[in-house]
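Undergrad: Here's a sequence, model it:
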Amino acid sequence: MAGHQKEIEEFGNNDDFWLFGYGSLIWKPPPHFDQRVPGYIEGYVRRFWQVSEDHRGTPEAPGRVATLIDRAHWDTLSDHHEPTERVWGAAYHIPAAKVAEVREYLDIREINGYSIQFTPFHPALDSKPIKCLVYIGLPENPQFLGPQDPEALAKHILKSKGPSGENREYLFNLEEALLGLSEESRDKHISDLVARCKKIDSEGAGTCESR
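TA: Okay, here's the model as predicted:
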């Protein structure tokens, strides 16, 4: 643990701070980035299995947002959706002079159940991987829910709302952002949830409770 903490503290000292975004960071990037690179990571599965009490929900009525599950751990779970081999997203380079400020911003933005990990990132147009920092809601954190029934999850997303807006907006923005990255970047789990939400909404059963 001490070694991991030291790695976190020293990351970026050599102007090598790269951050991987797989959720809202794709369409709502961090401040001060000077490069944005579409690409993917491997060995993880993206799922809407993380509670959001601070952005797309409240402590009394939590929403649902994306997290990453280590593929080896995912293999032990019962899921309704097949995994994709690659998790697509965007990597951002932060200049060394701005790393401390951006880290503080990210720690506040991602504080609700997420922890810092490192992973190789594969740029879409380059074969050389980049070491990236990524915020992941690990299974042992209290905000991690584990497998969700897709229909029940879609209904929950439709009724949830928080300080950052409606939960459905997060989901729909994520799908749109993913489809804009590459011809290969579609995520079946995300697209299935979007389709379910739109179907439920068209049937008049997906109105936010606050409306």
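
Undergrad: Quick one: residues contacting the residue nearest the centre of the chain.
TA: Centroid-nearest residue in the chain, with C-alpha atoms, centre = their mean: Gly23, separated by 3.0 Å. Each residue near Gly23 by C-beta atoms under 8 Å, 6 or more residues apart in numbering is listed here: Val65, Ala66, Thr67, Gly89, Tyr170, Leu174. All C-beta atoms are positioned from the backbone trio N, CA, C, and that covers glycine.

Undergrad: The fifth one contacts Gly57, correct?
TA: No - contact status for Tyr170 versus Gly57: not in contact, 10.0 Å apart, counting by C-beta atoms under 8 Å.

Undergrad: thinking again about what came up before, would you state the predicted confidence (pLDDT) at the residue nearest to the centre of the chain?
TA: Looking at Gly23, its pLDDT stands at 96.

Undergrad: any idea which element Glu176 lies in?
TA: Taking DSSP states H and E as the criterion, Glu176 maps to helix 167-179.

Undergrad: average model confidence for the next helix-or-strand element following that helix?
TA: Using DSSP H and E, the helix or strand that directly follows helix 167-179 along the chain is helix 188-202. The predicted model assigns helix 188-202 a mean pLDDT of 96.

Undergrad: How far away from the center of its chain is helix 188-202?
TA: 18 Å (C-alpha atoms, centre = their mean, to the nearest Å).

Undergrad: what's the answer for stretch 72-82, then?
TA: On C-alpha atoms, centre = their mean, the centre of stretch 72-82 falls 17 Å from the chain's centre.

Undergrad: do stretch 160-172 as well
TA: So, by C-alpha atoms, centre = their mean, the centroid of stretch 160-172 is 14 Å from its chain's centroid.

Undergrad: do the same with stretch 121-136
TA: Distance, centroid of stretch 121-136 to centroid of chain: 15 Å (C-alpha atoms, centre = their mean).

Undergrad: Show me the contact partners of that stretch.
TA: Contacts of stretch 121-136 (C-beta under 8 Å, 6+ apart): 8, 11, 16-20, 22, 37-42, 44, 67-68, 86, 91, 106, 110, 114-120, 181-182.
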